Structure formats: structure tokens, C-alpha cells
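Trainee: Model the following, please.
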Amino acid sequence: MPRKKKTTDFEQSLQALESLVTKMEQGDLSLEESLQAFEEGVSLTRECQGILNQAEQKVQLLIESDGELSTKPFTADEDS
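Mentor: Here you go, the predicted structure:
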């Protein structure tokens, strides 16, 4: 079940980041609060990016064929 936790962590981090952006866009935060929110946002962004990079690496490994790693761009049309 660790995979489920990582997905939840990503979703929770993304939701927290979206909430921070909304608060900052409202303009009601003091300078100190804005700086603190910005720092937290940078941290959440890095966390999300790290999780996405790990997922991308896993996908690339799964695409391996004939002993060689090949990457293909994802397009929504391929699902149809």
C-alpha cells in the first residue's frame, strides 16, 4: 500500500499548494504571512515535482522493450 500513500501525499500537497495560491491572490495576508506562505509553497512545489519525477522514471522503465529503454510522449488520443 505504499504507492497509495504517495499518491495521497501528492494530491494533498497539490491541494495545499492550490489553497496557498488562493490565499495569496486574495491579498489579505501581511508581508510576513505572504513570505511564510511563499516559502511553504516553494517547499510543496519541490515535493510535488520530486514525486512527479519519480513517477516519470517508473513509466520510462515500464516502456522498456527489446532490452532498450524507449520513451514516447503521452497524448490523450492514444487512450481512445
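Trainee: ok, now which ones touch Leu29?
Mentor: 23, 37 (Cβ atoms under 8 Å, 6 or more residues apart in numbering). In short, each C-beta sits where N, CA and C put it, glycine included.
Trainee: In the protein, spot the helix with the most residues.
Mentor: If you go by DSSP state H, the chain has its longest helix at helix 31-62.
Trainee: Buried residues in that one, which are they?
Mentor: 37, 41, 44, 47-48, 51 (16 or more other Cβ atoms under 10 Å).
Trainee: Low-confidence bits of the chain, can you list those?
Mentor: By pLDDT under 70, the weakly predicted segments of the chain are 1-8, 64-80.
Trainee: Neighbours of Glu11, how many?
Mentor: Neighbour count for Glu11, taken as other Cβ atoms under 10 Å: 12.
Trainee: what about it, helix or strand, and which?
Mentor: In the assignment (DSSP states H and E), Glu11 maps to helix 2-26.
Trainee: Which strands and helices lie in contact with that helix?
Mentor: helix 31-62 (3 or more Cβ pairs under 8 Å, 6 or more residues apart in numbering; DSSP states H and E).
Trainee: Which elements pack onto the helix it packs on?
Mentor: Short answer (3+ Cβ pairs under 8 Å, 6+ apart): helix 31-62 packs on helix 2-26.
Trainee: out of the buried residues of helix 31-62, who's nearest Leu61?
Mentor: Ile51 (16.1 Å; Cβ to Cβ).
Trainee: before we move on, back to that, now the helix holding Glu11 against helix 31-62, angle please.
Mentor: 150 degrees (axes from the mean of the first three to the mean of the last three Cα atoms, to 10 degrees).
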